[in-house]
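K.L.:
below are the sequence and a predicted model; questions follow.
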Amino acid sequence: MAAPTSKDEKPSAGGGFFASIASTFSSLTKSVNGFLGYEGLEVVNPDGGTEDAATEAQKGRWKQEDRDNYWKLMQKYIGADVTSLVSLPVIICEPMTNLQKMAELMEYSYLLKLADECEDPHMKLVYAASWFISLYYAIQRTWKPFNPILGETYEMVNHDGIRFIAEQVSHHPPMGAAHAENEHFSYDITSKVKTKFLGNSVDVYPLGRTRLTLKKHGVVLDLVPPPTKANNLIFGRTWIDSAGEMILTNLTTGDKVLLYFQPCGWFGAGRYEVDGYVYNANEEPKILMSGKWNEFMSFQPCDSEGEPLPGTEMKEVWRAADAPQNDKFQYTYFAHKINSFDTAPKKLLASDSRLRPDRCALEKGDLSKAGAEKSSLEERQRAEKRMREAKGDEYKPKWFDLTTEISPTPWGELEVYRYNGKYDEHRAAIENSDCVAEDVKAESTEFNPWQYEDSVVAAA
(Lines give C-alpha, C1' and ligand atoms only; values in the text may rest on other atoms or scores of the structure.)
Protein backbone atom coordinates (compact mmCIF):
# COMPACT_ATOMS: atom_id res chain seq x y z
CA MET A 1 0.00 0.00 0.00
CA ALA A 2 1.36 3.40 -0.91
CA ALA A 3 2.08 6.04 1.67
CA PRO A 4 -0.81 8.44 2.25
CA THR A 5 -0.92 11.71 0.43
CA SER A 6 -1.74 15.04 1.96
CA LYS A 7 -5.14 15.44 3.53
CA ASP A 8 -5.14 18.89 1.99
CA GLU A 9 -4.49 18.06 -1.64
CA LYS A 10 -3.52 21.17 -3.55
CA PRO A 11 -6.35 22.06 -5.95
CA SER A 12 -5.55 22.25 -9.61
CA ALA A 13 -4.53 25.66 -10.87
CA GLY A 14 -5.76 24.83 -14.32
CA GLY A 15 -8.61 27.30 -14.34
CA GLY A 16 -11.21 29.31 -12.44
CA PHE A 17 -10.62 30.79 -9.02
CA PHE A 18 -7.29 29.07 -8.27
CA ALA A 19 -5.87 29.93 -11.66
CA SER A 20 -6.70 33.57 -10.93
CA ILE A 21 -4.88 33.43 -7.58
CA ALA A 22 -1.87 31.75 -9.17
CA SER A 23 -1.72 34.40 -11.89
CA THR A 24 -2.02 37.23 -9.38
CA PHE A 25 0.70 35.75 -7.15
CA SER A 26 3.03 35.27 -10.14
CA SER A 27 2.54 38.85 -11.26
CA LEU A 28 3.11 40.10 -7.73
CA THR A 29 6.36 38.16 -7.44
CA LYS A 30 7.58 39.59 -10.74
CA SER A 31 6.72 43.10 -9.60
CA VAL A 32 8.72 42.60 -6.40
CA ASN A 33 11.71 41.35 -8.35
CA GLY A 34 11.40 44.27 -10.74
CA PHE A 35 11.22 46.64 -7.79
CA LEU A 36 14.43 45.16 -6.42
CA GLY A 37 16.12 45.00 -9.80
CA TYR A 38 16.50 41.21 -9.74
CA GLU A 39 14.15 39.59 -12.23
CA GLY A 40 13.51 35.92 -11.62
CA LEU A 41 14.60 36.05 -7.97
CA GLU A 42 11.61 34.62 -6.10
CA VAL A 43 10.76 35.76 -2.58
CA VAL A 44 8.48 33.29 -0.82
CA ASN A 45 6.62 34.01 2.43
CA PRO A 46 5.31 30.74 3.92
CA ASP A 47 2.73 32.68 5.94
CA GLY A 48 1.22 34.11 2.78
CA GLY A 49 1.77 37.81 3.52
CA THR A 50 1.62 38.86 -0.12
CA GLU A 51 -0.25 42.12 0.40
CA ASP A 52 3.06 43.96 0.85
CA ALA A 53 5.57 41.76 -0.94
CA ALA A 54 8.09 44.54 -1.49
CA THR A 55 8.30 45.12 2.26
CA GLU A 56 8.50 41.38 2.85
CA ALA A 57 11.43 41.09 0.45
CA GLN A 58 13.39 43.70 2.41
CA LYS A 59 13.19 41.69 5.64
CA GLY A 60 15.98 39.45 6.86
CA ARG A 61 19.44 39.79 8.36
CA TRP A 62 21.07 41.58 5.41
CA LYS A 63 21.65 45.28 4.85
CA GLN A 64 20.80 46.38 1.32
CA GLU A 65 24.46 46.96 0.43
CA ASP A 66 25.37 43.48 1.70
CA ARG A 67 22.53 41.97 -0.34
CA ASP A 68 23.68 43.70 -3.50
CA ASN A 69 27.28 42.58 -3.06
CA TYR A 70 26.38 39.04 -2.14
CA TRP A 71 23.94 38.74 -5.05
CA LYS A 72 26.64 39.90 -7.49
CA LEU A 73 28.95 37.24 -6.05
CA MET A 74 26.42 34.40 -6.05
CA GLN A 75 24.42 34.87 -9.25
CA LYS A 76 27.11 33.14 -11.35
CA TYR A 77 26.54 29.96 -9.31
CA ILE A 78 22.81 29.63 -10.11
CA GLY A 79 22.05 26.02 -10.98
CA ALA A 80 25.36 24.78 -9.53
CA ASP A 81 26.29 22.64 -6.54
CA VAL A 82 27.74 25.26 -4.17
CA THR A 83 28.70 22.86 -1.38
CA SER A 84 32.37 23.82 -1.49
CA LEU A 85 32.60 26.49 -4.19
CA VAL A 86 32.03 29.58 -2.08
CA SER A 87 33.45 30.98 1.15
CA LEU A 88 30.35 32.26 2.92
CA PRO A 89 30.29 35.32 5.21
CA VAL A 90 29.95 34.77 8.95
CA ILE A 91 26.85 36.98 9.01
CA ILE A 92 24.80 33.95 7.95
CA CYS A 93 26.54 31.49 10.30
CA GLU A 94 25.71 30.14 13.74
CA PRO A 95 28.47 29.43 16.31
CA MET A 96 28.43 25.70 15.63
CA THR A 97 29.95 23.43 13.00
CA ASN A 98 28.32 20.73 10.90
CA LEU A 99 30.00 18.11 13.08
CA GLN A 100 28.28 19.51 16.16
CA LYS A 101 24.96 19.69 14.36
CA MET A 102 25.30 15.98 13.57
CA ALA A 103 25.37 15.39 17.33
CA GLU A 104 22.01 17.11 17.88
CA LEU A 105 20.29 13.89 16.86
CA MET A 106 21.37 12.48 20.23
CA GLU A 107 18.99 14.72 22.23
CA TYR A 108 16.07 12.30 22.28
CA SER A 109 18.12 9.11 22.57
CA TYR A 110 15.63 7.77 25.13
CA LEU A 111 13.57 6.78 22.09
CA LEU A 112 16.30 4.33 21.11
CA LYS A 113 16.23 2.76 24.58
CA LEU A 114 12.50 2.20 24.05
CA ALA A 115 13.13 0.82 20.56
CA ASP A 116 15.86 -1.52 21.77
CA GLU A 117 13.82 -2.91 24.66
CA CYS A 118 10.56 -3.19 22.70
CA GLU A 119 9.60 -6.72 21.61
CA ASP A 120 7.09 -5.56 18.95
CA PRO A 121 9.11 -5.23 15.70
CA HIS A 122 6.75 -2.59 14.29
CA MET A 123 6.82 -0.44 17.42
CA LYS A 124 10.62 -0.58 17.24
CA LEU A 125 10.31 1.28 13.96
CA VAL A 126 7.85 3.80 15.43
CA TYR A 127 10.38 4.75 18.12
CA ALA A 128 13.36 4.76 15.74
CA ALA A 129 11.55 6.80 13.05
CA SER A 130 10.43 9.34 15.66
CA TRP A 131 14.05 9.63 16.82
CA PHE A 132 15.21 10.47 13.30
CA ILE A 133 12.37 12.97 12.85
CA SER A 134 13.32 14.72 16.10
CA LEU A 135 16.43 16.16 14.39
CA TYR A 136 14.27 18.27 12.08
CA TYR A 137 13.45 20.68 14.89
CA ALA A 138 17.13 21.66 14.73
CA ILE A 139 17.24 21.61 10.92
CA GLN A 140 14.64 24.38 10.76
CA ARG A 141 17.16 26.88 12.14
CA THR A 142 17.88 29.53 9.53
CA TRP A 143 21.57 29.96 10.39
CA LYS A 144 24.27 27.98 8.61
CA PRO A 145 26.80 25.95 10.62
CA PHE A 146 30.51 26.45 9.88
CA ASN A 147 32.01 24.03 7.38
CA PRO A 148 34.50 21.89 9.34
CA ILE A 149 38.21 22.05 8.57
CA LEU A 150 39.68 18.81 7.23
CA GLY A 151 40.69 16.76 10.28
CA GLU A 152 38.40 18.69 12.62
CA THR A 153 36.58 16.58 15.22
CA TYR A 154 33.77 16.83 17.73
CA GLU A 155 33.47 14.73 20.87
CA MET A 156 30.46 14.42 23.18
CA VAL A 157 30.01 12.55 26.45
CA ASN A 158 27.91 13.04 29.61
CA HIS A 159 24.59 12.47 27.84
CA ASP A 160 22.64 9.23 28.33
CA GLY A 161 25.83 7.17 28.49
CA ILE A 162 26.61 8.02 24.85
CA ARG A 163 30.11 8.37 23.47
CA PHE A 164 29.97 10.41 20.26
CA ILE A 165 32.83 11.16 17.87
CA ALA A 166 32.62 12.95 14.51
CA GLU A 167 35.41 13.81 12.10
CA GLN A 168 35.68 15.78 8.86
CA VAL A 169 37.09 13.09 6.57
CA SER A 170 37.10 14.96 3.24
CA HIS A 171 37.31 18.57 2.14
CA HIS A 172 36.50 18.25 -1.58
CA PRO A 173 33.77 17.12 -1.52
CA PRO A 174 32.94 18.08 2.09
CA MET A 175 32.19 14.90 4.03
CA GLY A 176 31.89 14.08 7.70
CA ALA A 177 31.62 10.76 9.50
CA ALA A 178 30.30 10.04 12.97
CA HIS A 179 29.92 7.17 15.40
CA ALA A 180 27.80 7.11 18.55
CA GLU A 181 27.19 4.30 20.97
CA ASN A 182 25.78 3.35 24.36
CA GLU A 183 24.42 0.13 25.85
CA HIS A 184 21.31 0.17 23.64
CA PHE A 185 22.44 1.26 20.20
CA SER A 186 25.26 1.91 17.78
CA TYR A 187 24.92 4.68 15.20
CA ASP A 188 27.09 5.29 12.15
CA ILE A 189 26.82 7.89 9.43
CA THR A 190 28.81 9.08 6.44
CA SER A 191 27.45 12.55 5.78
CA LYS A 192 27.54 14.28 2.42
CA VAL A 193 25.14 16.68 0.71
CA LYS A 194 24.53 17.77 -2.85
CA THR A 195 23.13 21.26 -3.40
CA LYS A 196 21.50 23.21 -6.20
CA PHE A 197 21.66 26.98 -5.88
CA LEU A 198 18.57 28.67 -7.32
CA GLY A 199 19.31 32.34 -6.68
CA ASN A 200 17.36 33.14 -3.52
CA SER A 201 17.07 29.53 -2.39
CA VAL A 202 19.07 26.32 -2.32
CA ASP A 203 17.93 22.71 -2.59
CA VAL A 204 19.86 20.32 -0.34
CA TYR A 205 19.94 16.61 -1.17
CA PRO A 206 21.27 14.22 1.52
CA LEU A 207 23.65 11.71 -0.06
CA GLY A 208 24.67 10.29 3.30
CA ARG A 209 24.54 6.67 4.48
CA THR A 210 23.01 6.10 7.92
CA ARG A 211 23.00 2.85 9.88
CA LEU A 212 21.44 2.32 13.31
CA THR A 213 21.89 -0.96 15.20
CA LEU A 214 19.64 -1.85 18.14
CA LYS A 215 21.80 -4.11 20.27
CA LYS A 216 19.32 -6.36 22.13
CA HIS A 217 18.16 -8.18 18.98
CA GLY A 218 20.88 -7.02 16.57
CA VAL A 219 18.36 -5.14 14.42
CA VAL A 220 20.00 -2.98 11.72
CA LEU A 221 18.10 0.01 10.31
CA ASP A 222 18.88 2.07 7.21
CA LEU A 223 17.60 5.61 6.63
CA VAL A 224 16.85 7.56 3.46
CA PRO A 225 15.81 11.11 4.50
CA PRO A 226 13.88 13.66 2.42
CA PRO A 227 15.56 16.67 0.76
CA THR A 228 15.49 20.12 2.33
CA LYS A 229 15.12 23.60 0.87
CA ALA A 230 16.35 26.88 2.33
CA ASN A 231 14.23 29.79 1.07
CA ASN A 232 14.93 33.54 0.95
CA LEU A 233 18.69 33.32 1.42
CA ILE A 234 19.32 36.90 0.31
CA PHE A 235 15.92 38.61 0.17
CA GLY A 236 13.10 38.14 2.65
CA ARG A 237 12.94 36.18 5.89
CA THR A 238 14.90 32.94 5.57
CA TRP A 239 12.93 29.77 6.28
CA ILE A 240 13.50 26.05 5.88
CA ASP A 241 11.20 23.39 4.46
CA SER A 242 11.60 19.63 4.09
CA ALA A 243 9.34 17.83 1.64
CA GLY A 244 9.32 14.30 0.26
CA GLU A 245 9.66 10.74 1.51
CA MET A 246 11.55 9.41 4.50
CA ILE A 247 12.20 5.67 4.31
CA LEU A 248 13.48 3.73 7.30
CA THR A 249 14.15 0.06 6.48
CA ASN A 250 14.77 -2.80 8.88
CA LEU A 251 17.52 -4.63 6.99
CA THR A 252 17.14 -7.59 9.36
CA THR A 253 13.42 -8.31 8.81
CA GLY A 254 12.38 -6.32 5.73
CA ASP A 255 9.86 -4.20 7.67
CA LYS A 256 9.96 -0.48 6.90
CA VAL A 257 8.54 2.95 7.62
CA LEU A 258 7.45 5.20 4.78
CA LEU A 259 6.62 8.74 5.84
CA TYR A 260 5.69 11.69 3.65
CA PHE A 261 6.82 15.18 4.61
CA GLN A 262 4.22 17.59 3.24
CA PRO A 263 5.56 20.58 1.27
CA CYS A 264 4.58 24.01 2.51
CA GLY A 265 1.58 25.16 0.46
CA TRP A 266 -0.16 28.50 0.01
CA PHE A 267 -0.45 30.50 3.23
CA GLY A 268 1.54 27.85 5.10
CA ALA A 269 -0.91 25.00 4.44
CA GLY A 270 0.56 21.60 5.29
CA ARG A 271 3.80 23.04 6.60
CA TYR A 272 5.65 20.67 8.98
CA GLU A 273 3.08 17.87 8.53
CA VAL A 274 4.29 14.25 8.36
CA ASP A 275 2.19 11.14 7.88
CA GLY A 276 2.69 7.58 6.76
CA TYR A 277 2.81 3.96 7.85
CA VAL A 278 4.93 1.24 9.35
CA TYR A 279 4.78 -1.73 6.94
CA ASN A 280 5.65 -5.36 7.49
CA ALA A 281 7.90 -7.28 5.11
CA ASN A 282 4.85 -8.06 2.93
CA GLU A 283 4.24 -4.30 2.53
CA GLU A 284 1.06 -4.42 4.60
CA PRO A 285 0.42 -1.36 6.79
CA LYS A 286 0.54 -2.13 10.51
CA ILE A 287 0.81 1.24 12.27
CA LEU A 288 -0.26 4.72 11.18
CA MET A 289 2.10 7.56 12.07
CA SER A 290 1.22 11.25 11.95
CA GLY A 291 2.47 14.54 13.34
CA LYS A 292 4.59 17.62 12.68
CA TRP A 293 8.35 17.35 12.25
CA ASN A 294 8.96 20.46 14.35
CA GLU A 295 6.61 19.54 17.17
CA PHE A 296 5.43 15.95 17.80
CA MET A 297 4.78 12.47 16.38
CA SER A 298 1.91 10.09 17.17
CA PHE A 299 0.95 6.56 16.19
CA GLN A 300 -2.09 4.27 16.01
CA PRO A 301 -2.48 0.60 15.00
CA CYS A 302 -4.26 0.15 11.67
CA ASP A 303 -5.82 -2.56 9.51
CA SER A 304 -4.62 -3.86 6.15
CA GLU A 305 -6.33 -0.93 4.42
CA GLY A 306 -4.50 1.61 6.55
CA GLU A 307 -7.59 2.52 8.60
CA PRO A 308 -7.26 2.89 12.39
CA LEU A 309 -8.26 -0.26 14.28
CA PRO A 310 -11.55 0.06 16.20
CA GLY A 311 -11.04 0.64 19.90
CA THR A 312 -7.57 2.18 19.42
CA GLU A 313 -6.55 5.80 19.66
CA MET A 314 -3.73 7.99 18.44
CA LYS A 315 -0.93 8.11 21.04
CA GLU A 316 1.92 10.57 21.19
CA VAL A 317 5.39 9.03 21.00
CA TRP A 318 7.62 12.13 20.83
CA ARG A 319 7.25 15.84 21.51
CA ALA A 320 9.91 18.53 21.12
CA ALA A 321 11.17 19.92 24.41
CA ASP A 322 10.58 23.55 25.31
CA ALA A 323 13.19 25.87 23.83
CA PRO A 324 14.61 29.19 25.08
CA GLN A 325 12.53 32.23 24.16
CA ASN A 326 14.00 34.77 21.72
CA ASP A 327 17.30 32.91 21.44
CA LYS A 328 19.57 34.75 19.02
CA PHE A 329 20.43 31.64 17.02
CA GLN A 330 17.17 29.75 17.64
CA TYR A 331 19.09 27.25 19.76
CA THR A 332 17.49 24.61 21.94
CA TYR A 333 18.77 23.97 25.44
CA PHE A 334 20.48 20.86 24.07
CA ALA A 335 22.19 22.87 21.31
CA HIS A 336 23.70 25.14 23.97
CA LYS A 337 24.79 22.02 25.84
CA ILE A 338 26.52 20.70 22.71
CA ASN A 339 28.47 23.96 22.41
CA SER A 340 29.54 23.88 26.04
CA PHE A 341 32.44 22.08 27.68
CA ASP A 342 29.97 20.27 29.97
CA THR A 343 29.67 17.58 27.30
CA ALA A 344 33.43 17.45 26.63
CA PRO A 345 35.55 14.49 27.79
CA LYS A 346 38.80 14.72 29.72
CA LYS A 347 41.68 15.91 27.56
CA LEU A 348 39.59 17.10 24.69
CA LEU A 349 41.15 16.57 21.26
CA ALA A 350 42.82 19.78 20.07
CA SER A 351 40.94 19.36 16.79
CA ASP A 352 37.55 19.77 18.51
CA SER A 353 35.02 22.22 17.05
CA ARG A 354 34.53 23.94 20.40
CA LEU A 355 38.07 25.32 20.12
CA ARG A 356 37.70 26.96 16.70
CA PRO A 357 38.62 30.65 17.08
CA ASP A 358 36.03 31.81 14.50
CA ARG A 359 33.27 29.87 16.21
CA CYS A 360 34.27 31.24 19.62
CA ALA A 361 34.38 34.82 18.32
CA LEU A 362 30.94 34.52 16.73
CA GLU A 363 29.55 33.06 19.94
CA LYS A 364 30.79 36.19 21.73
CA GLY A 365 29.22 38.43 19.07
CA ASP A 366 32.47 39.64 17.47
CA LEU A 367 31.63 39.30 13.75
CA SER A 368 34.77 41.11 12.60
CA LYS A 369 37.10 38.78 14.47
CA ALA A 370 35.01 35.74 13.48
CA GLY A 371 35.32 36.66 9.80
CA ALA A 372 39.07 37.20 10.05
CA GLU A 373 39.61 33.93 11.93
CA LYS A 374 37.45 32.03 9.45
CA SER A 375 39.49 33.38 6.53
CA SER A 376 42.72 32.47 8.31
CA LEU A 377 41.59 28.88 8.92
CA GLU A 378 40.47 28.48 5.32
CA GLU A 379 43.77 29.82 3.99
CA ARG A 380 45.78 27.47 6.19
CA GLN A 381 43.61 24.59 4.98
CA ARG A 382 44.46 25.55 1.38
CA ALA A 383 48.15 25.76 2.33
CA GLU A 384 47.99 22.25 3.77
CA LYS A 385 46.44 20.98 0.57
CA ARG A 386 49.28 22.52 -1.48
CA MET A 387 51.85 21.03 0.86
CA ARG A 388 50.19 17.61 0.77
CA GLU A 389 50.17 17.63 -3.03
CA ALA A 390 53.82 18.72 -3.15
CA LYS A 391 54.81 15.89 -0.82
CA GLY A 392 52.65 13.36 -2.68
CA ASP A 393 50.85 12.49 0.56
CA GLU A 394 47.36 11.06 0.72
CA TYR A 395 45.16 12.39 3.52
CA LYS A 396 43.86 9.74 5.90
CA PRO A 397 41.39 10.42 8.74
CA LYS A 398 42.30 9.25 12.25
CA TRP A 399 39.10 7.72 13.53
CA PHE A 400 37.40 6.52 10.33
CA ASP A 401 38.62 4.46 7.39
CA LEU A 402 37.53 4.79 3.77
CA THR A 403 36.01 1.49 2.63
CA THR A 404 35.59 0.06 -0.86
CA GLU A 405 31.82 0.18 -0.39
CA ILE A 406 29.82 2.49 -2.65
CA SER A 407 26.34 3.20 -1.30
CA PRO A 408 23.56 4.14 -3.77
CA THR A 409 21.22 6.99 -2.81
CA PRO A 410 18.32 8.63 -4.69
CA TRP A 411 20.63 11.56 -5.52
CA GLY A 412 23.93 9.85 -6.34
CA GLU A 413 26.51 7.36 -5.14
CA LEU A 414 28.44 7.71 -1.88
CA GLU A 415 31.84 6.53 -0.70
CA VAL A 416 31.38 5.02 2.75
CA TYR A 417 33.64 5.63 5.74
CA ARG A 418 33.64 3.17 8.64
CA TYR A 419 34.50 3.79 12.28
CA ASN A 420 37.81 2.03 13.01
CA GLY A 421 37.54 1.76 16.81
CA LYS A 422 40.76 3.69 17.48
CA TYR A 423 38.91 6.48 19.28
CA ASP A 424 37.66 4.01 21.91
CA GLU A 425 41.25 2.89 22.46
CA HIS A 426 42.41 6.51 22.71
CA ARG A 427 39.68 7.43 25.17
CA ALA A 428 40.18 4.32 27.30
CA ALA A 429 43.91 5.04 27.61
CA ILE A 430 43.17 8.55 28.90
CA GLU A 431 40.46 7.45 31.33
CA ASN A 432 42.67 4.68 32.73
CA SER A 433 45.68 6.95 33.18
CA ASP A 434 46.60 8.80 36.35
CA CYS A 435 47.07 12.07 34.49
CA VAL A 436 45.21 15.09 35.74
CA ALA A 437 42.62 16.26 33.20
CA GLU A 438 43.60 19.33 31.28
CA ASP A 439 41.44 22.42 31.63
CA VAL A 440 39.66 22.31 28.28
CA LYS A 441 38.06 25.66 29.03
CA ALA A 442 41.41 27.43 28.99
CA GLU A 443 41.57 30.14 26.34
CA SER A 444 45.16 29.12 25.66
CA THR A 445 44.01 25.76 24.24
CA GLU A 446 44.77 26.11 20.55
CA PHE A 447 42.59 24.64 17.83
CA ASN A 448 44.80 22.18 15.95
CA PRO A 449 43.39 19.85 13.26
CA TRP A 450 46.46 20.28 11.09
CA GLN A 451 48.40 17.55 9.35
CA TYR A 452 51.58 19.63 9.02
CA GLU A 453 52.70 21.91 11.82
CA ASP A 454 54.70 24.04 9.36
CA SER A 455 51.69 24.75 7.12
CA VAL A 456 51.08 27.95 9.10
CA VAL A 457 54.23 29.32 7.49
CA ALA A 458 53.01 28.35 4.03
CA ALA A 459 49.71 30.10 4.71
CA ALA A 460 51.34 33.35 5.76
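P.N.:
Arrived safely, thanks for sending. Numbers count the residues shown, from 1 in each chain.
K.L.:
where does this structure dip in pLDDT?
P.N.:
1-41, 48-62, 64-65, 85, 434-444, 454-460 (pLDDT under 70).
K.L.:
mind giving me the domain ranges of it?
P.N.:
21-76, 95-343 (automatic domain parsing).
K.L.:
the last one spans what distance, first to last residue?
P.N.:
Spelled out, it's domain 95-343. In domain 95-343, first residue to last residue: 16 Å (Cα to Cα, to the nearest Å).
K.L.:
and what of stretch 355-371?
P.N.:
Terminal-residue distance, stretch 355-371 (Cα to Cα): 16 Å.
K.L.:
return the set of buried residues in that stretch.
P.N.:
355, 356, 357, 358, 359, 360, 361, 362, 363, 369, 370, 371 (16 or more other Cβ atoms under 10 Å). To be clear about C-beta, it is placed using only N, CA and C from the backbone, and glycine gets the same treatment.
K.L.:
could you look up the SS state of the fourth one?
P.N.:
Under DSSP: H, G, I helix; E, B strand; the rest coil, residue 358 falls in the helix class.
K.L.:
which ones are touching it?
P.N.:
Residues counted as contacts of residue 358 (Cβ atoms under 8 Å, 6 or more residues apart in numbering) are 90, 146, 369, 370, 371, 373, 374, 377.
K.L.:
sorry, back to before: dump the buried residues of stretch 355-371 into CSV; add distance to residue 398 as well.
P.N.:
Output for these, formatted as CSV (distance: Cβ to Cβ, whole Å):
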residue, distance to residue 398
355, 16
356, 18
357, 22
358, 22
359, 21
360, 23
361, 26
362, 26
363, 26
369, 29
370, 27
371, 29
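K.L.:
what residues does the strand or helix carrying residue 383 touch?
P.N.:
Using DSSP states H and E, residue 383 falls within helix 367-391. For helix 367-391, the surrounding residues in contact (Cβ under 8 Å, 6+ apart) are 87, 89-91, 93, 146, 149-150, 171, 356-359, 361-362, 394-395, 447, 450-452, 454-456, 458-459.
K.L.:
ok, the most centrally placed residue in the chain - contacts?
P.N.:
Nearest to the centroid of the C-alpha atoms of the chain, with distances taken as Cα atoms, centre = their mean, sits residue 139, at 5.3 Å. Residues near residue 139 by Cβ under 8 Å, 6+ apart: 228, 240, 242.
K.L.:
quick one: the strands in the stretch 101-250 of the chain, in order.
P.N.:
Using DSSP state E, counting those that start in this stretch, the strands of the stretch 101-250 of the chain run over 144-146, 153-156, 163-170, 175-181, 185-191, 193-197, 202-206, 209-214, 219-224, 228-231, 239-242, 244-250.
K.L.:
gap between the third one and the chain center?
P.N.:
If you compare the mean C-alpha spot of strand 163-170 with that of the full chain, they lie 15 Å apart, counting by Cα atoms, centre = their mean, to the nearest Å.
K.L.:
what do you get for the first one?
P.N.:
Mean C-alpha position of strand 144-146 versus that of the full chain (Cα atoms, centre = their mean) differs by 10 Å.
K.L.:
which elements pack onto that strand?
P.N.:
Helices and strands touching strand 144-146, by 3 or more Cβ pairs under 8 Å, 6 or more residues apart in numbering; DSSP states H and E, are strand 93-97, helix 98-103.
K.L.:
tell me which of those lies nearest to residue 208.
P.N.:
Among the helices and strands packed on strand 144-146, the nearest to residue 208 by Cβ to Cβ is helix 98-103 (9.6 Å).
K.L.:
name the helices or strands packed onto the closest one?
P.N.:
Helix 98-103 packs on strand 144-146, strand 153-156, strand 163-170, strand 175-181, strand 185-191, helix 333-339, going by 3+ Cβ pairs under 8 Å, 6+ apart.
K.L.:
touching it from outside, list them.
P.N.:
138, 145-148, 152-154, 156, 164, 166-168, 174, 176, 178, 180, 189, 191, 338-339, 353.
K.L.:
burial of residue 433, as a residue count?
P.N.:
11 (other Cβ atoms under 10 Å).
K.L.:
return the distance of it relative to residue 367.
P.N.:
41 Å (Cβ to Cβ, to the nearest Å).
K.L.:
check residue 67 too.
P.N.:
16 Å.
K.L.:
circling back to that earlier point, and the two most separated of the contacts of residue 358?
P.N.:
Most distant of these, by Cβ to Cβ, are 146 and 369, 14.1 Å apart.
K.L.:
which residue ranges of the stretch 351-460 of the chain form strands?
P.N.:
For the stretch 351-460 of the chain, the strands defined by DSSP E, counting those that start in this stretch occupy 400-409, 412-419.
K.L.:
and the shortest one, what other elements does it pack with?
P.N.:
In other words, strand 412-419. Checked by 3+ Cβ pairs under 8 Å, 6+ apart, strand 412-419 has strand 175-181, strand 185-191, strand 400-409 packed alongside it.
K.L.:
rerun that using 7 Å as the cut-off
P.N.:
strand 185-191, strand 400-409 (3 or more Cβ pairs under 7 Å, 6 or more residues apart in numbering; DSSP states H and E).
K.L.:
save those as TSV, and put in mean neighbour count and distance to residue 291 too.
P.N.:
Putting the helices and strands packed on strand 412-419 into TSV (neighbours: other Cβ atoms under 10 Å; distance: least, Cβ to Cβ, whole Å) gives the following:
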stretch	mean neighbour count	distance to residue 291
strand 185-191	21	22
strand 400-409	14	25
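K.L.:
give me the nearest residue to residue 319, chain neighbours excluded.
P.N.:
residue 296 (4.3 Å; Cβ to Cβ, 6 or more residues apart in numbering).
K.L.:
so that neighbour touches residue 315, yeah?
P.N.:
No. Using Cβ atoms under 7 Å, residue 296 is not in contact with residue 315; the gap is 10.9 Å.
K.L.:
of the two, who's got more company?
P.N.:
residue 296 (17 against 10).
K.L.:
partners of that one in the sheet?
P.N.:
Here residue 296 sits in beta bridges with residue 292, residue 319, as judged by DSSP bridges.
K.L.:
for residue 214, see how far away residue 112 is.
P.N.:
On the measure of Cβ to Cβ, residue 112 and residue 214 end up 7 Å apart.
K.L.:
what touches both of the two?
P.N.:
184, 185 (Cβ atoms under 7 Å, 6 or more residues apart in numbering).
K.L.:
name the residues of stretch 86-100 that are buried.
P.N.:
89, 90, 91, 92, 93, 94, 95, 96, 97, 98, 99, 100.
K.L.:
these: which two are farthest apart?
P.N.:
91 and 99 (21.4 Å).
K.L.:
for residue 378, grab the count of nearby residues.
P.N.:
15.
K.L.:
also residue 278?
P.N.:
26.
K.L.:
residue 331 too?
P.N.:
21.
K.L.:
so who does it touch?
P.N.:
With Cβ under 7 Å, 6+ apart, residue 331 has these contacts: residue 324.
K.L.:
what separates stretch 76-92 from the chain centre, distance-wise?
P.N.:
17 Å.
K.L.:
alright, that wraps it up for me.
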